[in-house]
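1. show me how the following folds:
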Amino acid sequence: MKRDCGFSEVHIVGGLHPDWAFDHYIEMIAAIHQSFPRLNIKAFTAVEIDYFSRTSGLSLEKVLITLKESGLQLMPGGGAEIFAEGVRNQVCPEKNFRHSLA
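-> Reported below is the predicted structural model:
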């Protein structure tokens, strides 16, 4: 059911749930987009995009394309990370989240 909610944007973060598959996030974005087609969907920080890539086995590019095809329009700036692991380890080794999830 398509409806006008009176808002222009929804902002979603916190997508590091250990039990949810990437498909769950795709279905969530698609459901929001289908129900509120005029609503701008801003979701998932770079940390979450990287997490989706690692847990789904998809490339970063495929994760972003899939989210965009589902209705994602914008990403928040918060949580932006350095994807090049070697550079990240030099600049901010405390943010080496790959090792913290192992």
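
2. buried residues in the biggest helix by length in the chain, which are they?
-> If you go by DSSP state H, the chain has its longest helix at helix 22-35. Buried positions in helix 22-35, judged by neighbour count with 16 or more other Cβ atoms under 10 Å: 22, 25, 26, 28, 29, 30, 32, 33. All C-beta spots, glycine's among them, are computed from the backbone N, C-alpha and C.

3. how about stretch 53-60?
-> 53, 55, 56.

4. and those as CSV, adding distance to residue 67?
-> Converted to CSV, the buried residues of stretch 53-60 look like this (distance: Cβ to Cβ, whole Å):
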residue, distance to residue 67
53, 11
55, 14
56, 11
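
5. in strands, which of those fall?
-> Judged by DSSP state E, the buried residues of stretch 53-60 include no members of strands.

6. specify which member of those residues is nearest to residue 91.
-> The closest of the buried residues of stretch 53-60 to residue 91 turns out to be residue 53 (Cβ to Cβ; 20.3 Å).

7. show the contacting residues for that closest one.
-> 59, 60, 62, 63 (Cβ atoms under 8 Å, 6 or more residues apart in numbering).

8. phi, psi for the nearest residue to residue 7 once chain neighbours are set aside please.
-> Spatial nearest neighbour of residue 7, chain neighbours left out: residue 39 (6.4 Å); criterion: Cβ to Cβ, 6 or more residues apart in numbering. Listed backbone geometry of residue 39 is phi -80, psi 130, with angles given as degrees, to the nearest 10.
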